[in-house]
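Trainee: Return atomic coordinates for the entry below.
(one chain, ligands or ions: 1)
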Amino acid sequence: MSGRLTGKVALVTGASRGIGRATAIALSNEGASVVVNYISSNSAAEEVVREIGADRAISVKADVSKLDDIEILIKQTIDRFQKIDILVLNAGLLWQNGTLEATDEKTFDKLFGSNVKGPFFMVQMATPYIPEGGRIMLFSSSLTSFSMITPNYLLYAATKGAVEQMTRVLAKDLGKRNITVNTISPGPIGTDAYYVGKTEQMVRMQSNLAPAGRLGEPEDVAEVITFIACDQSRWMNGQNIRINGGMTVG
Ligand code: NAP
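Mentor: Numbers count the residues shown, from 1 in each chain. Next comes the predicted model:
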């Protein structure tokens with residue numbers, strides 16, 4: 001297999017479904033070896049490994065909100081592939097019931113655990129194994145810059161705001177080692193997580209937020225991530241890349 005990422009190793013969190021799955025496959029199509037992380041969907045993760053080929057992919061069950069699990073994930077990655085060139089921190093919880101009134105401490109900790117603590121400690125534990133020219137991508141959402149955001153996204157947007165700020169600081173820090181750190185901020189993408197609790201009317205309304213009148217597809221995001229993983233993106237660092245078909249502009 002030869003491609004722009006031949007010889008590179010990618011670790012994609014939450015790669016059994018949705019955007020992470022499409023990303024794992026897109027990176028492998030450019031020649032990368034891929035670690036497919038998941039939390040519970042064992043057979044879906046195995047299916048991704050089969051699609052890529054077991055010679056270039058492994059699946060690792062690990063809850064990224066738990067430090068012990070992160071340690072296992074990094075160890076299994078290094079045991080098999082010796083390094084991490086591309087770290088895609090996609091795993092996260094999309095949460096639509098996070099109003100000020102509805103959010104209790106347990107829910108707050110759960111969201112911050114998977115969306116903020118997870119990526120923070122993933123970067124901390126993975127960085128020693130990321131060589132010069134490495135790539136880190138964290139995940140936010142276009143909702144953080146959407147002026148029509150509704151109160152139910154308070155908690156979710158708070159976690160993603162933290163991620164965006166982490167990116168800015170990490171880009172300055174790790175940039176000295178020639179590792180770029182960027183945020184990926186999708187708009188509505190038709191994944192399992194997206195459809196939870198949405199009526200047909202809500203889906204239609206959100207589809208029309210983009211001028212093309214459709215939801216994004218996981219592959220729309222995965223192809224941008226693949227470009228950022230490649231050498232051609234080397235001067236893009238500390239940026240928030242909004243992939244939303246024009247739902248937000250500017
Ligand atoms: P999804 O379809 O629900 O897939 C989530 C993936 O993450 C699954 O592979 C799941 O594994 C894994 N996962 C969840 N919690 C985990 C944890 N604690 N540790 C390890 N893996 C975990 O989600 P998605 O819609 O593709 O979203 C992916 C990312 O994009 C999230 O960060 C989300 O906030 C962001 N985003 C999504 C949208 C959208 O409209 N879809 C918009 C903006 C931003 P299992 O299969 O094992 O459960």
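
Trainee: need the helices for this protein, in chain order.
Mentor: For the chain, the helices defined by DSSP state H cover 18-29, 42-52, 67-81, 105-112, 118-126, 154-174, 192-195, 200-207, 218-229.

Trainee: Quick check: phi and psi on the residue nearest the centre of the chain?
Mentor: Nearest residue to the geometric centre of the chain (C-alpha atoms, centre = their mean): N90, 1.8 Å. Reported as degrees, to the nearest 10, the phi and psi values for N90 are phi -90, psi -30.

Trainee: out of everything not next to it in sequence, what's closest to it?
Mentor: Once flanking residues are discounted, N90 sits nearest to G20: 4.2 Å by C-beta to C-beta, 6 or more residues apart in numbering. Quick note: C-beta positions are derived from backbone N, CA and C, even for glycine.

Trainee: Next up, the contacts around the closest residue to K110 other than its chain neighbours.
Mentor: With C-beta to C-beta, 6+ apart as the criterion, K110 has its nearest non-adjacent residue at 7.2 Å, and that residue is L93. Neighbouring residues of L93 by C-beta atoms under 8 Å, 6 or more residues apart in numbering: K110, L111, S114, N115, Y156, A193.

Trainee: shouldn't the residue nearest to N90 be in contact with T13?
Mentor: Yes - G20 is in contact with T13 according to C-beta atoms under 8 Å; the separation is 6.7 Å.

Trainee: list residues touching both of these two?
Mentor: By C-beta under 8 Å, 6+ apart, G20 and T13 have these common neighbours: N37, V88, N90, A91.

Trainee: can you tell me which residues contact A126?
Mentor: Neighbour list for A126: L11, I74, I84, L87, I136 [criterion: C-beta under 8 Å, 6+ apart].

Trainee: Just send the residues you listed back as CSV, with distance to M166 and pLDDT too.
Mentor: As requested, those are exported to CSV (distance: C-beta to C-beta, whole Å; pLDDT from 0 to 100):
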residue, distance to M166, pLDDT
L11, 17, 99
I74, 18, 98
I84, 18, 99
L87, 13, 99
I136, 10, 99
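
Trainee: Which members of the residues you listed are the farthest-apart pair?
Mentor: Pairwise distances among the contacts of A126 were taken by C-beta to C-beta; the largest, 13.5 Å, belongs to I74 and I136.

Trainee: how close does the most far-flung residue of the chain relative to its centre sit to N240?
Mentor: Centroid-distance maximum for the chain: E101 at 28.5 Å, with C-alpha atoms, centre = their mean. Separation of E101 from N240 (C-beta to C-beta, to the nearest Å) stands at 29 Å.

Trainee: so how far is the ligand from the residue nearest to K110?
Mentor: 6 Å (C-beta to the nearest ligand atom, to the nearest Å).

Trainee: cool, I149 as well?
Mentor: For I149 relative to the ligand (C-beta to the nearest ligand atom), the value is 12 Å.

Trainee: my read: E217 touches I189, true?
Mentor: Yes - the pair E217 / I189 is scored as a contact, 6.7 Å apart, by C-beta under 8 Å.

Trainee: Name the residue in those two with the higher neighbour count.
Mentor: Taking neighbours as other C-beta atoms under 10 Å, E217 and I189 compare with I189 leading, 22 against 14.

Trainee: So for the more buried one, what's the pLDDT?
Mentor: Predicted confidence (pLDDT) for I189: 98.

Trainee: Contact partners for N178?
Mentor: Counting by C-beta under 8 Å, 6+ apart, the residues that N178 touches are E132, G133, G134.

Trainee: of I74 and I136, who's got more company?
Mentor: I136 (27 against 23).
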